[in-house]
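# any chance you can model this:
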Amino acid sequence: MKVYNNFGDYKKTPNAIVTIGTFDGVHLGHQAILKDMVRTAKEIGGETVVITFYPHPRQVLNIDSSNLRFINTQEEKLKHLEELSIDNVIIVNFTKEFSTISSESFISDYIVKNIAPVKLVIGYDHHFGKNRMGDFNLLHDMKNKYGFELQRIDAQDVENIAVSSTKIRHSLKQGDVVRANALLGYQFAYIGKVISGNKIGRKIGYPTANLNINKEHRLIETPGVYATYVDYDNMTYKSMTYIGGKPTINDDNSENIEVHIFDFNQDIYDKDIKVRFVSKIRDEHKFESLDDLKKQIEKDEMIIKEIL
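Got it, this is the predicted structure:
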């Protein structure tokens, strides 16, 4: 997959199939669009082109940006796109100046001029351009003038719920990992480096890998204990993960991510691991003593091993 940081670097290819969006989560709705593009590109001997934006438009325009949290990092999003066999990604540097470009100009002066697509594929509720005025109707009016086909992919439903990044974020904030994973089409995960902690877990027989991730604008799941898998060095391990402070030890309310990997004794300090979430077991709780905490962790372990 080729990644371009502006339109000018992209080299036109025949029969380009194009879509536009932020694609946070690369969920089932996004996947329906992307898989359709890949299938069409193979049929006509073309290439797929995904146009996305960084930073996120809401960050630049200060639209509730202080509360904005993302399902994926930019790197994770690109990895998902690559796994779906996308050929090209153009990352538009989204600025306030760029936000003033009209929907019509964005199509004619950027997409048509630089890519010359034979087909545009968009989601059922997609909007773009200044004040989000661009939509399917506008594209329908422009397609004959600029000679591209237009396709709108219907909403993807899971248990009668239309899939969207907003609904996935809400599910994760509520601790409903099962629902979030169903809407994503894969297991929600964090990728980070293992750092040294205070080794309290080791003292009670449950050593943990303390995960360091970039938390800026990253969605952190609600505090509690989760059934998880850890991917490390091309192997997968069953694990349990705690997110939250240390109420039994002190009044630290920071968002720690601590992973106990079952049947594992390797030194993984400064190594990158991937933690995939399966389901939430219980909420964060303050115990009277470390012994009480250990007894609860033993119960958590039994429950999680039955789930995994």
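# any idea how far Asn181 is from Asn214?
Relative to Asn181, Asn214 is positioned 22 Å away (CB to CB, to the nearest Å). Every C-beta, even on glycine, is put in place using the N, C-alpha and C of the backbone.
# more neighbours, these two?
Neighbours of Asn214 and Asn181, each counted by other CB atoms under 10 Å, are more numerous for Asn181; the result is 20 against 11.
# using CSV, write down the CA coordinates of the helix or strand containing Asp300.
Take DSSP states H and E as the rule and Asp300 turns out to sit in helix 290-307. The C-alpha trace of helix 290-307 is given here as CSV (Å, rounded to 0.1, in the frame of the first residue of the first chain):
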residue,chain,number,x,y,z
LEU,A,290,-3.9,-6.5,49.2
ASP,A,291,-5.1,-9.9,50.4
ASP,A,292,-8.7,-9.1,49.5
LEU,A,293,-7.5,-7.8,46.2
LYS,A,294,-5.6,-11.0,45.5
LYS,A,295,-8.7,-13.1,46.3
GLN,A,296,-10.7,-11.1,43.9
ILE,A,297,-8.1,-11.4,41.2
GLU,A,298,-8.1,-15.2,41.7
LYS,A,299,-11.9,-15.1,41.0
ASP,A,300,-11.4,-12.9,38.0
GLU,A,301,-8.8,-15.3,36.6
MET,A,302,-11.3,-18.3,36.9
ILE,A,303,-14.0,-16.3,35.1
ILE,A,304,-11.7,-15.1,32.3
LYS,A,305,-10.3,-18.5,31.6
GLU,A,306,-13.8,-19.8,31.2
ILE,A,307,-14.5,-17.0,28.7
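# so the longest strand seen in the chain versus helix 290-307, what angle?
Counting residues, the longest strand found in the chain (DSSP state E) is strand 272-283. In terms of direction (axes from the mean of the first three to the mean of the last three CA atoms, to 10 degrees), strand 272-283 departs from helix 290-307 by 100 degrees.
# any chance you could list what contacts strand 272-283?
By CB atoms under 8 Å, 6 or more residues apart in numbering, the residues outside strand 272-283 that reach it are 175-178, 181, 187-194, 209, 211, 221-232, 239-241, 257, 259, 300, 303-304, 307-308.
# return the subset of those residues lying in strands.
Using DSSP E, 189-194, 209, 211, 224-232, 239-241, 257, 259 are the members of these that sit in strands.
# and the residues you listed, which are buried?
189-192, 194, 209, 211, 224-230, 232, 239-241, 257, 259 (16 or more other CB atoms under 10 Å).
# which neighbouring elements make contact with the helix holding Asp300?
strand 224-232, strand 235-244, strand 272-283 (3 or more CB pairs under 8 Å, 6 or more residues apart in numbering; DSSP states H and E).
# of all those strands, which one is nearest Pro117?
strand 272-283 (34.5 Å; CB to CB).
# can you tell me the strand partners of that closest one and which way each runs?
strand 189-195 (antiparallel), strand 224-232 (antiparallel) (DSSP bridges).
# that one: which residues count as buried?
Quick answer for strand 272-283 (16+ other CB under 10 Å): Ile273, Lys274, Val275, Arg276, Phe277, Val278, Ser279, Lys280, Ile281.
# what about stretch 25-40, average pLDDT?
The pLDDT scores in stretch 25-40 average 94.
# and Met1, how far is that from Tyr124?
According to CB to CB, Met1 stands 26 Å off from Tyr124.
# so where's the protein uncertain?
Flagging of the chain using pLDDT under 70 yields the residue ranges 63-66, 157-161, 201, 247-253.
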